[in-house]
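*Asks:* take a look and give me a structure for this.
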Amino acid sequence: MKKQHGPIVKLLIFIIRIFVRKPKIVNYNKEFEKKAIFIANHSAISGPLFLALYLPSFFVPWGTYEMTEKFKKRWRYLYHHIYRDVIGANRFVSFVLSTFFASISKMLYKGAQLIPTYPDARFLSTLRTSEAFLNIDIPILIFPEDFVDGFKVILEKYLQGFVGLSSYYFQQTGIDLPIYPISFHKKKRVISIGKPEYVEKLSNQGYSKIEIANHFMDLTNQLYFEAEDGSYKEKLSEQE
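*Replies:* Next up is the predicted model:
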């Protein structure tokens with residue numbers, strides 16, 4: 001485990017930054033807690049890229065386990081699920097993009113120290129690996145959006161994995177992790193980072209796990225709306 005990206009990922013980030021203009025960063029926090037969870041909207045395929053490039057904190061991301069397996073399984077997942085079903089690209093475009101990203105993804109994810117997530121009992125390994133990173137003060141970035149019906153501009157459902165991670169870490173350490181909601185507005189080119197809230201605190205107020213997930217989804221949507229209408233400018237001025 002390293003507190004920095006691998007050399008290939010570092011080089012790739014440097015190169016891409018030359019061609020991808022930095023978005024405006026709207027950060028409602030003076031600084032981040034070292035042990036923390038970041039949750040963000042996916043914004044189709046733009047969110048992970050822009051956060052990897054410009055989020056003002058080092059992090060280790062969660063990612064679906066299919067993208068950490070052998071080439072054929074990575075290709076099939078990208079082609080059938082992401083590009084054909086979710087994004088709706090045609091066969092040719094799906095084939096080209098799937099072949100390209102399946103070829104480089106394992107190398108990139110290894111450099112980014114991506115933590116694979118599972119839909120079964122193996123999820124415990126996700127929690128344990130995440131705990132190990134958190135213990136050495138490396139935040140975890142999670143995209144909780146349920147995109148089975150496609151990516152949404154306005155989020156409609158958050159999966160509860162990040163709530164489970166927070167509860168698990170609290171059970172292991174007694175630490176109620178700060179969870180920072182993040183929104184990337186592609187059209188406005190704005191990354192908004194909200195103030196943290198806490199799962200155990202919300203749970204003690206009577207929120208269920210589903211309600212907690214929905215609460216953070218609403219916070220993320222609110223950040224998106226503020227970027228949409230520019231009202232973040234007024235909120236920032238109020239904090240100064």
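
*Asks:* sec struct for residue 212, please.
*Replies:* helix (DSSP: H, G, I helix; E, B strand; the rest coil).

*Asks:* what's the neighbour count on residue 175?
*Replies:* Number of residues near residue 175 (other Cβ atoms under 10 Å) recorded here: 15. Every residue, glycine included, has its C-beta placed from N, CA and C.

*Asks:* which strand is the longest one in this protein?
*Replies:* strand 178-185 (DSSP state E).

*Asks:* contacts for that one, please.
*Replies:* Defining contact as Cβ atoms under 8 Å, 6 or more residues apart in numbering, one finds that strand 178-185 is touched by 23, 29, 32-33, 35-41, 43, 46-47, 50-51, 55, 162, 166, 190-199, 216, 219-221, 223-224, 227-228.

*Asks:* same check, this time on stretch 195-208
*Replies:* Outside stretch 195-208, the residues touching it (Cβ under 8 Å, 6+ apart) are 28-29, 33, 36, 163, 166-167, 170, 176-181, 211-212, 215-216, 219.

*Asks:* one more: stretch 6-26?
*Replies:* Contacts for stretch 6-26 (Cβ under 8 Å, 6+ apart): 4-5, 49-50, 52-54, 56, 107-108, 110-113, 184, 188-193, 223, 226-227, 232, 236.

*Asks:* still on that earlier bit, for the longest strand of the chain, C-alpha coordinates in CSV please.
*Replies:* Output of strand 178-185 as CSV, limited to C-alpha atoms (Å, rounded to 0.1, in the frame of the first residue of the first chain):
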residue,chain,number,x,y,z
PRO,A,178,-16.4,11.8,7.8
ILE,A,179,-18.2,11.3,4.5
TYR,A,180,-17.7,14.1,2.0
PRO,A,181,-20.4,14.4,-0.8
ILE,A,182,-18.9,15.4,-4.2
SER,A,183,-20.6,16.5,-7.4
PHE,A,184,-19.1,17.0,-10.8
HIS,A,185,-21.1,19.2,-13.2
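
*Asks:* ok now it, how far from the chain's centre?
*Replies:* Chain-centre distance of strand 178-185: 9 Å, with Cα atoms, centre = their mean, to the nearest Å.

*Asks:* pLDDT of it, averaged?
*Replies:* Mean pLDDT, strand 178-185: 97.

*Asks:* can you list the strands that it pairs with?
*Replies:* strand 37-40 (parallel), strand 190-193 (antiparallel), strand 197-198 (antiparallel) (DSSP bridges).

*Asks:* possible to save those as TSV with mean neighbour count?
*Replies:* Listed next are those as TSV, based on neighbours: other Cβ atoms under 10 Å:
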stretch	mean neighbour count
strand 37-40	25
strand 190-193	24
strand 197-198	16
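
*Asks:* dump the ones you listed to CSV, plus mean pLDDT and distance to residue 132.
*Replies:* Listed next are the strands paired with strand 178-185 as CSV, based on pLDDT from 0 to 100; distance: least, Cβ to Cβ, whole Å:
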stretch, mean pLDDT, distance to residue 132
strand 37-40, 98, 14
strand 190-193, 96, 25
strand 197-198, 98, 21
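
*Asks:* any idea how far residue 45 lies from residue 93?
*Replies:* As judged by Cβ to Cβ, to the nearest Å, residue 45 and residue 93 stand 13 Å apart.

*Asks:* what sits in contact with each of the two?
*Replies:* With Cβ under 8 Å, 6+ apart, residue 45 and residue 93 have no common neighbours.

*Asks:* surely residue 129 touches residue 117?
*Replies:* No: with contact defined as Cβ atoms under 8 Å, residue 129 does not count as touching residue 117 (10.0 Å).
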